[in-house]
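Trainee: Dropping a prediction and its sequence here:
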Amino acid sequence: QVQLVESGGGLVQAGGSLRLSCAASGRTLSGYRMGWFRQAPGKEREFVASINWSDGNIYYADSVKGRFYISRDNAKNTVNLQMNSLKPEDTAIYYCTAGPVGSRWSSWGQGTQVTVSS
């Protein structure tokens, strides 16, 4: 089981930027993927972005392509989500997650609030 601790988030005006970080511990991440999901009030949790730890393959939801960028720091076992050109509809609780490539997301962070004001 991977333990995940998120940081970052907060309140920002539309058009602004925020950076989320997620530190992983508990096991090696070889063969794993890490990612971000978000959940807005009254909506289901949705995929945002993910990165495969071993080969670096990256995936984005269409809604964030060109605005959000996911990256990893191998030395710190950390994944980052740089969020630019934020919109009010990006307001949500953002969750860090991890799991074996090709399998379900098995570990979740506690979530961090991102609020974008218009």
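Mentor: Sure, I can see it.

Trainee: any chance you could read off phi and psi for the residue nearest the centre of the chain?
Mentor: Closest to where the C-alpha atoms of the chain average out (C-alpha atoms, centre = their mean) is W36, at 2.6 Å. Dihedral angles of W36 (phi, psi; degrees, to the nearest 10) stand at phi -130, psi 140.

Trainee: Run through the residues that contact it.
Mentor: L20, C22, V48, A49, S50, I70, V79, L81, Y94, Y95, C96, T97 (C-beta atoms under 8 Å, 6 or more residues apart in numbering). Heads up, the C-betas are built off the backbone N, CA and C, glycines and all.

Trainee: ok, now which ones touch the fourth one?
Mentor: Okay, so that is A49. With contact set as C-beta under 8 Å, 6+ apart, A49 has these partners: G35, W36, I58, Y59, Y60, A61, V64, F68, I70, L81.

Trainee: Export those as TSV, with columns for distance to V12, pLDDT and secondary structure.
Mentor: As requested, the contacts of A49 are exported to TSV (distance: C-beta to C-beta, whole Å; pLDDT from 0 to 100; DSSP: H, G, I helix; E, B strand; the rest coil):
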residue	distance to V12	pLDDT	secondary structure
G35	22	98	strand
W36	16	98	strand
I58	23	98	strand
Y59	24	98	strand
Y60	20	98	strand
A61	19	98	coil
V64	15	98	coil
F68	13	98	strand
I70	18	98	strand
L81	14	98	strand
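
Trainee: Give the buried subset of the residues you listed as a PyMOL selection command.
Mentor: To isolate the buried subset of these in PyMOL, counting by 16 or more other C-beta atoms under 10 Å, use the following:
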select buried, resi 35+36+60+64+68+70+81
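
Trainee: Tell me how many other residues crowd the residue nearest to R45 when sequence neighbours are not counted.
Mentor: The spatially closest residue to R45, leaving aside those adjacent along the chain, is Q39, at 4.2 Å (C-beta to C-beta, 6 or more residues apart in numbering). A count of nearby residues for Q39, using other C-beta atoms under 10 Å, gives 14.

Trainee: now swap in R104 and tell me
Mentor: Neighbours of R104 (other C-beta under 10 Å): 7.
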